[in-house]
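Visitor: Quick one: sequence and predicted model below, then my questions.
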Amino acid sequence: MIDAADRIIDLYRRHAGAWTTARGTVMPERAWIERFADMLSRGTAVLDIGCGSGEPIARYLAGRGHPVSGVDGSPEMIALFRANLPGETGRVADMRSLKLDRRYGGLIAWDSFFHLAPHDQRMMFPLFRDHAEPEAPLLFTSGPAFGEVLGTLEGEPLYHASLDPNEYRLLLDRNGFDVVTHTAEDPDCSGHTVWLARQRQP
């Protein structure tokens, strides 16, 4: 399955348009995005990691007055992001080597972080820490238990992985985040497993 994990960016490059059409502008995760937004300081900037086309999550956050910096490994996705949200910042970057030399008032990795292999997921938590201001919320999705699963995108294998929930809690704690809430397979959010945490004061 690691081969499928290594092909994620290429897959989204080739199918950016199809993915964007399928994703649409409906936001079944609205309750989670609203809760995340309610934790943000007024006007603070948000880092959207694996932002895709910016629809609908980045657009919603920008509409609430939060400048959004979107990063994605697919140049095609960033082109769509910039077209959809010309007032926001989009840049091509592999989240696994993210180094933006600034911190943000909130970080979100919705349906993106879980495409990483387990060892890469573990390495992301120091990067979350290094890009988070004190008290910044962090919102991300995972699987409900340790394992790897293959879905499909345009008929091709689409890799997903998850660590054990206890390991996520440990990694968050070690990197200065407190878990605010965690819901496995939320029936009100299309079965997503969601983590909402907050960076501690130094």
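Guide: Here it is on my side, so go on.
Visitor: For the longest strand anywhere in the chain, give me every contacting residue.
Guide: In the chain, taking DSSP state E as the definition, the longest strand is strand 177-186. With contact meaning C-beta atoms under 8 Å, 6 or more residues apart in numbering, strand 177-186 is reached by 32, 39, 125, 128-129, 132, 137-138, 144, 165, 168-169, 172, 189, 191-200. Where C-beta positions appear, they are placed from N, C-alpha and C, glycine not excepted.
Visitor: Ends of stretch 95-106, what's the gap?
Guide: 16 Å (C-alpha to C-alpha, to the nearest Å).
Visitor: no no, stretch 141-153
Guide: OK, stretch 141-153 end separation, C-alpha to C-alpha: 18 Å.
Visitor: Which positions within it qualify as buried?
Guide: For stretch 141-153, the neighbour count (16 or more other C-beta atoms under 10 Å) marks Thr141, Ser142, Gly143, Leu153 as buried.
Visitor: Do you have the strands of the protein handy? List them.
Guide: With DSSP E as the criterion, the chain has strands spanning 46-49, 68-72, 89-92, 106-109, 137-142, 147-153, 156-162, 177-186, 192-199.
Visitor: hang on, the earlier thing: max pairwise distance over the buried residues of stretch 141-153: which two?
Guide: Maximum pairwise distance in those, criterion C-beta to C-beta, is 18.8 Å, between Ser142 and Leu153.
Visitor: contacting residues around the nearest residue to Ala161 once chain neighbours are set aside?
Guide: In space, and not counting its chain neighbours, Ala161 is closest to Glu148: 4.7 Å by C-beta to C-beta, 6 or more residues apart in numbering. Contact analysis of Glu148 by C-beta under 8 Å, 6+ apart lists Met1, Ala117, Pro118, Tyr159, His160, Ala161, Ser162.
Visitor: what separates the third one from Arg42, distance-wise?
Guide: Taking C-beta to C-beta, to the nearest Å as the criterion, Pro118 is separated from Arg42 by 37 Å.
Visitor: what's the answer for the second one, then?
Guide: Between Ala117 and Arg42 the computed distance is 37 Å (C-beta to C-beta).
Visitor: ok, those two, which is more surrounded?
Guide: Between Ala117 and Arg42, counting by other C-beta atoms under 10 Å, Ala117 is the more crowded of the two (18 against 8).
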